[in-house]
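In: Compute the structure for the input listed below.
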Amino acid sequence: MISSIASTTLLSGLATQSRVAQTAADNIANVTTPGYQAERGQVVSVSPAGASYVPLPPEGEVDLARQVIDLDQAKQAYVLAARTFSSIAKTEKDALNVLA
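Out: Coordinates of the predicted model:
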C-alpha cells in the first residue's frame, strides 16, 4: 500500500494540476467574451506534503500564449504525477509478490 504521505502528495498534485488546467481552459473558452476577466491562480506548497491551487483576482484580458503554456505545463505535471503513482503501486505489488 502506498504510504499516506506519498498518496497525499500525489493526489494533491493531481488535483492541483487539474485545477490549473481547468482555469486555462476556462480562459481560452472565454477569450472572445466581451468584458471577460482572465481567471488566474497560483500553485503553492502545502504542509506536510503536497500542493494546492490558490485563486487570485482576475487580471484583465486573456493572454492566449500564457494559457496554452499553463495548460501544457499542467498536463505534463499531471502525467508525471500519475506515472509516479502507478510506478509506486507496481513496485509495492512486486515487493509483496517477492515476500509471498
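In: Sketch out the strands for the protein, chain order is fine.
Out: 40-45, 51-56 (DSSP state E).
In: Need these in CSV (columns: mean pLDDT, mean neighbour count and distance to Ile88).
Out: All C-beta spots, glycine's among them, are computed from the backbone N, C-alpha and C. CSV is the format used below for the strands of the chain (pLDDT from 0 to 100; neighbours: other CB atoms under 10 Å; distance: least, CB to CB, whole Å):
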stretch, mean pLDDT, mean neighbour count, distance to Ile88
strand 40-45, 92, 14, 20
strand 51-56, 92, 14, 17
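In: In TSV: those strands, plus distance to Ala6.
Out: Compiled in TSV, the strands of the chain are given as follows (distance: least, CB to CB, whole Å):
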stretch	distance to Ala6
strand 40-45	16
strand 51-56	14
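In: which one of those lies closest to Thr8?
Out: Thr8 lies closest, by CB to CB, to one member of the strands of the chain: strand 51-56, at 10.4 Å.
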